[in-house]
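>>> okay, sequence plus prediction incoming.
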Amino acid sequence: MRRGAWVLLATCAVTLMLVVGLPGCWNPFSPGHGDGGKPPNISRKDPDKLLEFFATKYEDKDAEGYAECLDEDYEFVFDQKDYDDAGVTPDKPYWGRTEDVAHTTKMFNAAEVKAILMDLKQKDMDWTSDTFATPTGGTVEGFYCLIKPSIDVTIEGKPGEEPVTKQVRNSQLYVAAIPDRHYAGLWTILKITETLIQ
């Protein structure tokens, strides 16, 4: 083989290794979260950015972007006062990723929901490192924080009336964030635990 062909082959091999191996880059040969192999949004590059992205996707009513924020083992654990409304019980007081995304998508797509505003009050966030258990019996390193967000939903009024804005959540949330298990350099939410504020 001629020297020029070897140089071209070596250059292609090095380029491929860099594209596949760089942290935080999309790997076209690695499956994603069931998203057809689409590259993730790189805005989730640290826990703070993850929550900013999460709030933006909520306000945009973007179900696909919202789901991207949630780990495959994600759980939303409800405060006891919300059990009946959420359809959960003391023996399983949470929604998994599938249930959460389905219910949230339904809200996003509801014709009467005109706007959603999520205020994370990020100035109050402090991340603490921790080790979290996974449903499969393993552990994963990550961070948690406590936030006190408010979520206001503007709903279509009755005929002839102005839309009505209601605060649908006044709670403190324990948020556990971990490195994305499919995309190096990105983060996902493993668990949110709700405590309603009186």
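Right, received. Where do you want to start?
>>> end-to-end on stretch 144-160?
From its first residue to its last, stretch 144-160 covers 46 Å (C-alpha to C-alpha, to the nearest Å).
>>> can you give me the mean pLDDT across stretch 106-113?
When pLDDT is averaged along stretch 106-113, the result is 93.
>>> surely Lys158 is within a strand?
No - counting by DSSP: H, G, I helix; E, B strand; the rest coil, Lys158 falls outside a strand, being coil.
>>> heads up, I number from 38, so please use that
In the new count, where the first residue is 38, that last one comes out as Lys195.
>>> neighbours of it, how many?
By other C-beta atoms under 10 Å, the residues close to Lys195 number 7. For glycine as for every other residue, the C-beta is placed from the backbone atoms N, C-alpha and C.
>>> for it, give its distance to Tyr111.
36 Å (C-beta to C-beta, to the nearest Å).
>>> which residues touch Tyr95?
Residues near Tyr95 by C-beta atoms under 8 Å, 6 or more residues apart in numbering: 103, 153, 155, 188.
>>> in helices only, show me the residues you listed.
Using DSSP state H, Tyr103 are the members of these that sit in helices.
>>> among the contacts of Tyr95, which one has the most neighbours?
Counting neighbours by other C-beta under 10 Å, the top entry in the contacts of Tyr95 is Tyr103, with 20 neighbours.
>>> quick check: chain neighbours aside, which residue is closest to the spatially most central residue of the chain?
Nearest to the geometric centre of the chain sits Cys106, at 2.0 Å (C-alpha atoms, centre = their mean). Closest residue to Cys106 apart from its sequence neighbours, by C-beta to C-beta, 6 or more residues apart in numbering: Phe91 at 4.6 Å.
>>> and the one you found, how many neighbours?
25.
>>> how far away from the center of its chain is the longest strand that the chain contains?
Using DSSP state E to define each element, the chain has its longest strand at strand 201-216. For strand 201-216, the gap between its own C-alpha mean and the chain's C-alpha mean amounts to 12 Å (C-alpha atoms, centre = their mean, to the nearest Å).
>>> repeat for stretch 94-111
Distance, stretch centre to chain centre, for stretch 94-111: 5 Å (C-alpha atoms, centre = their mean).
>>> quick one: contacts for Thr191?
150-154, 200-202.
>>> mind doing that once more with 6 Å?
By C-beta atoms under 6 Å, 6 or more residues apart in numbering, the contact set of Thr191 is 151-152, 200, 202.
>>> same question for Lys203.
Val190.
>>> try it again at 8 Å.
Counting by C-beta under 8 Å, 6+ apart, Lys203 touches 189-190, 192.
>>> which residues does it form beta bridges with?
Beta-bridge pairing of Lys203 under DSSP bridges involves Val190.
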